[in-house]
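Let me see the structure of the following:
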Amino acid sequence: MAHLVKAEDLEELTAAIFQKHGAPAEDARIVARLLVEADLMGLHSHGVLRVPQYVGDIRQGTIVPGAALQVVEQTPTAALVDANWNFGQVGAVRAAELAVERAQELGIGCASLRCCRHVGRVGAYTEQAAAKGCVALAACSTAGEGHWVAPFGGREGRLGTNPLAFAAPTGGVPISMDFATSALPEGRVRFYRDTKQPLPADSLVDKDGNPTLDPNALYAPGRKPLGAILPFGGPQAYKGYSLALMAEILSALLGVPAWMEEGLEAHGNNIWILAIAVERFMAADQFRAELGGLMDYIRSSAPVQGSKGILAPGQREFELLAQRRDEGIPLEEGVWSQVRQTAEEAGVKV
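As a prediction, this is how the structure comes out:
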């Protein structure tokens, strides 16, 4: 059974929880907004499901609310952000801003983020850049603690779920694609576990390399997972594996290597964001018109049987976002009960 909650109420509650745990109001708002936005878009694996996790991270010192961000200039077009273990969303928003600022000045800019925990939905940052007139690409990965995904042909985790995201500005909502290079993001496995649902087929193997539908097979007491998530692609999973490796190189090796760390650094969630200013290549109006024409041409393809037509990447999520802003967000009882308990423990009225 789902619990229906208004987006603004959920955002207020989430921000209040983080403030109670030491986050400055502005930082708490950034994290709460992005978590609730994921739920609005139906991407619950990156929504308020994460609130108890983040509070646990604060308690163990892997998130340090209010920590000052440090920006290291690499080149005129590249920057490195050290979040000093502040929330990943706070660091990633700043990294996206830096990439956009450099793109607007020089045509292209990029930024990398280090020393933070979970950054949330990666597409939020490419969409942030698209709102400023940029085409953007992002790659994300984790250090050793988050290696949930087996390489093609393996059964032990050696990579993160390593999402890739891309966004381009239009006259309305952006073209936006954001997907894990694994069969499922780890947060989705967590969602199936917390809501006591079986996994889709061909997404997980147990410790012996056997296919399993049990999400608990991924987790063991402590930090080491028992099983592993598979790369996406089924029989052609070498494609998902190759994309995951590309994401790892861009986000965790390029610049300051952080692909395999120990201690606190093992908790790192690394992101790389590239922004390209459209107006440095062509007039913004022309770009939007050409992109609109391209999408019209693509949508003109006759649909296959059972299809309602062709959607632009991100269209379904943005339509759901608009609908849920009016109607409310349905949260699974298993998720809502954990958020409610976390709030009550922090002394926040639900």
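
how about the strands of this protein, start to end?
Taking DSSP state E, the strands of the chain run over residues 2-5, 70-75, 78-82, 108-114, 134-142, 164-168, 175-179, 204-205, 228-229, 269-277, 329-332.

so can I have CSV of those strands showing mean neighbour count, distance to Trp259 and mean pLDDT?
Yep, even glycine has a C-beta here, placed from its N, CA and C like the rest. Supplementary listing: the strands of the chain in CSV, determined by neighbours: other C-beta atoms under 10 Å; distance: least, C-beta to C-beta, whole Å; pLDDT from 0 to 100:
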stretch, mean neighbour count, distance to Trp259, mean pLDDT
strand 2-5, 15, 38, 90
strand 70-75, 12, 18, 87
strand 78-82, 22, 15, 96
strand 108-114, 26, 11, 97
strand 134-142, 28, 7, 97
strand 164-168, 24, 16, 98
strand 175-179, 20, 21, 97
strand 204-205, 24, 22, 94
strand 228-229, 26, 17, 96
strand 269-277, 27, 8, 97
strand 329-332, 20, 34, 94
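
Can I get those strands in CSV including distance to Thr62?
Below are the strands of the chain laid out as CSV (distance: least, C-beta to C-beta, whole Å):
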stretch, distance to Thr62
strand 2-5, 28
strand 70-75, 18
strand 78-82, 15
strand 108-114, 14
strand 134-142, 12
strand 164-168, 24
strand 175-179, 24
strand 204-205, 25
strand 228-229, 21
strand 269-277, 10
strand 329-332, 25
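
For Gln60, find the nearest of the ones you listed.
Nearest of the strands of the chain to Gln60, taken as C-beta to C-beta: strand 269-277 at 15.2 Å.

Show me the domain layout of this protein.
The chain resolves into domains spanning 1-62+315-350, 67-300 when parsed by automatic domain parsing.

So for the longest helix belonging to the chain, what gets flagged as buried?
Secondary structure of the chain read by DSSP state H shows that its longest helix is helix 88-106. For helix 88-106, the neighbour count (16 or more other C-beta atoms under 10 Å) marks 88-100, 102-104 as buried.

Flag the shaky bits of the stretch 1-150 of the chain, pLDDT-wise.
Of all residues in the stretch 1-150 of the chain, none has pLDDT under 70.

hang on, the earlier thing: among the strands of the chain, which comes closest to Thr195?
It is, among the strands of the chain and with distance given as C-beta to C-beta, strand 329-332, at 4.7 Å.
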